[in-house]
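>>> sequence first, predicted model second:
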Amino acid sequence: MAKSDKTAVRETFSSGLAVFFATLGSAVGLGNIWKFPYLTGEYGGGAFLFIYLLCILFVGIPIMIGEFYIGRKTRQNPVGAYKQLSPDSYWKINGFMGVIAAYLIMFFYSCVAGWVYFYFFKALIGDFSSITMATAKAEFGSVVIGPFAPLFWQFFVLTVVAAILIKGVEKGIERITKTLMPVLFLLIIICDIRALTLPGAGEGLNFLFHVDFSKLTSVAILTALGLAFFKLSLGMGTMLTYGSYFTKDNNLFGTASKVALSDTIVSMLAGIAIFPTVFSFGMEPSAGPGLLFMTIPLVFSQMPLGSILLVAFFFLTSIAATTAMISIVEVVTAYFVEERKMNRTKAVVINSLVIAVVGVLATLSADKDSLLGGMTFFGKGFFDWFDYLSSNVLLPVGGLLIALFIGHVTKKQDLKEELSNQGTLAIDFIFEAFYFIIRYVTPILLIIVFLNAIGIIKV
Ligand code: PFF
């Protein structure tokens with residue numbers, strides 16, 4: 001993972017399994033448990049899910065393989081990688097865009113992670129023992145509006161992330177992700193079983209899986225695409241940076257497909273836990289960012305061992321959010337350490353401070369009743385702008401540039417050599433399919449979604 005010291009020989013993950021779990025640690029986070037369910041709820045359920053899955057298959061997986069290729073071939077941060085592969089060109093701008101996207105994401109991600117840490121703390125002290133639907137809503141409202149508690153937890157989160165990054169995340173993250181990811185998986189399955197046995201659960205499943213294209217809007221399509229990028233940590237050089245720590249014998253096709261599949265399963269399982277609960281308790285599926293926080297305490301209420309399971313759930317979600325944030329801040333850190341020759345500790349501290357200062361704007365505008373909730377520009381407050389600009393603009397544009405770079409700038413022979421691990425893997429068929437998709441299908445799909453989103457074409 002991260003280099004613990006800039007002069008060290010670039011480190012690699014210790015094994016294929018470590019590569020898989022660390023990469024999954026970046027992908028799995030608030031995106032699965034918080035964002036995926038609430039966006040699916042907001043944009044109508046099954047049809048949104050269907051478009052999302054198409055985006056994962058034809059855009060997400062190919063771009064992830066492309067990022068792995070660039071990272072492992074160059075063993076550099078995103079800016080350095082483009083400089084090496086295409087010297088004296090403008091491609092390095094794509095690396096810079098990734099650094100900017102990393103900041104934007106961190107501004108609001110650290111805020112939501114703060115809510116999760118806070119919920120963990122509340123669960124620990126037994127705050128949810130007599131929760132009802134009405135109190136679940138009120139509780140979330142007061143947590144978000146704060147203003148002191150959410151700011152305190154946001155800073156706390158950033159301190160934890162900075163401390164881990166300064167220490168060098170090599171062994172720590174490998175170990176954390178390897179043991180805790182499977183436990184998180186298990187806990188979500190327990191949530192699912194509980195949610196599915198609630199009265200009226202079928203309605204929730206129907207909402208999630210019934211595909212009705214008449215509900216699909218161009219905003220929904222762009223959002224599904226943006227979510228695919230956000231989910232798989234793509235389009236901003238995170239997977240490129242992680243790829244630079246991969247071992248030479250790792251099968252990049254295999255890792256990308258396994259990570260994408262596992263990540264999608266976690267999102268679906270989260271959806272299966274949340275929507276039956278929403279319908280069973282008569283809530284609105286389109287309740288927005290509070291969906292997770294209002295439903296999960298209810299899922300575990302009146303259930304044997306419910307309060308312990310709730311603590312475990314928010315603990316593991318905090319860990320998932322933390323490993324994802326580490327991968328985001330690592331992009332910025334690797335850039336400052338390698339390109340700006342900054343000492344690692346200094347890079348982490350300065351960047352965390354910048355994120356903390358600007359992140360305040362996200363936290364104070366997360367709800368319409370927040371302190372800065374009334375301050376909107378073109379209908380969106382800071383929180384929403386940070387999210388929109390990163391997920392729906394910078395990541396997909398960054399992804400398009402990566403697809404063009406791989407499909408039209410990189411030599412096919414070089415690509416095949418690296419992806420087949422210097423000819424040791426038999427990948428002829430899958431390579432040709434991948435090459436065709438990233439050269440034509442991915443960019444064309446991305447361009448259609450952009451043109452559709454800005455209203456130039458109507459799909
Ligand atoms: N994939 C993470 C999630 O779904 O929570 C978020 C994320 C991590 C986005 C890393 C972007 C990134 F570079």
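All right, it came through fine. Numbers count the residues shown, from 1 in each chain.
>>> name the element the nearest residue to residue 248 once chain neighbours are set aside belongs to?
Closest residue to residue 248 apart from its sequence neighbours, by Cβ to Cβ, 6 or more residues apart in numbering: residue 421 at 6.6 Å. Quick note: C-beta positions are derived from backbone N, CA and C, even for glycine. Under DSSP states H and E, no helix or strand contains residue 421.
>>> burial check on residue 421, number of neighbours?
16 (other Cβ atoms under 10 Å).
>>> quick check, pLDDT for it.
What the model reports as pLDDT for residue 421 is 96.
>>> correct me, but it touches residue 253?
No. Applying Cβ atoms under 8 Å, one finds residue 421 not in contact with residue 253, separated by 10.4 Å.
>>> so residue 420 touches residue 427, yeah?
Yes. Counting by Cβ under 8 Å, residue 420 does reach residue 427; the two are 4.9 Å apart.
>>> ok, residue 238 to residue 122 distance?
Computed as Cβ to Cβ, to the nearest Å, the residue 238 to residue 122 distance reads 30 Å.
>>> quick one: mean pLDDT for stretch 322-341?
92.
>>> buried residues, it. List them.
Going by neighbour count (16 or more other Cβ atoms under 10 Å), the buried part of stretch 322-341 is 322-339.
>>> now, which of those residues lie close to the ligand?
324, 327, 328 (Cβ under 6 Å from any ligand atom).
>>> which parts of the protein sit against the ligand?
Checking the chain against the ligand by Cβ under 6 Å from any ligand atom, the hits are 26-27, 29-32, 105, 230-231, 233, 236, 238, 324, 327-328.
>>> looking at those, which are in helices?
Judged by DSSP state H, the residues of the chain next to the ligand include 26, 27, 30, 105, 230, 231, 238, 324, 327, 328 as members of helices.
>>> residues near the first one, how many?
A count of nearby residues for residue 26, using other Cβ under 10 Å, gives 25.
>>> contact partners for it?
233, 238, 239, 242, 323, 324, 326, 327 (Cβ atoms under 8 Å, 6 or more residues apart in numbering).
>>> my guess is the fifth one contacts residue 29. True?
So the one you mean is residue 323. Yes. If you go by Cβ under 8 Å, residue 323 and residue 29 touch, sitting 7.0 Å apart.
>>> per-residue pLDDT of the residue in the stretch 51-200 of the chain that the ligand sits nearest to, please?
Nearest residue of the stretch 51-200 of the chain to the ligand, counting by Cβ to the nearest ligand atom: residue 105, 5.5 Å away. Looking at residue 105, its pLDDT is 97.
>>> can you tell me the closest non-neighbouring residue to it?
residue 390 (4.8 Å).
>>> where's that neighbour relative to residue 100, distance?
Taking Cβ to Cβ, one finds residue 390 at 9 Å from residue 100.
>>> mind checking how far residue 23 is from the ligand?
10 Å (Cβ to the nearest ligand atom, to the nearest Å).
>>> work out for me the element that residue sits within.
Applying DSSP H and E as the criterion places residue 23 in helix 16-27.
>>> contacts only, for residue 114.
Contacts of residue 114 (Cβ under 8 Å, 6+ apart): 150, 151, 152, 153, 154, 155, 156, 157, 363.
>>> ok and the residue in the stretch 1-150 of the chain nearest the ligand?
Closest point on the stretch 1-150 of the chain to the ligand, by Cβ to the nearest ligand atom, is residue 31, at 2.0 Å.
>>> dump the residue contacts of the closest residue to that residue other than its chain neighbours.
Excluding the flanking residues, the one nearest residue 31 by Cβ to Cβ, 6+ apart is residue 231, at 4.5 Å. Residues in contact with residue 231, defined by Cβ under 8 Å, 6+ apart, are 27, 31, 32, 35, 36, 56, 60, 263, 267.
>>> residue 376 now?
Contacts of residue 376 by Cβ under 8 Å, 6+ apart: none found.
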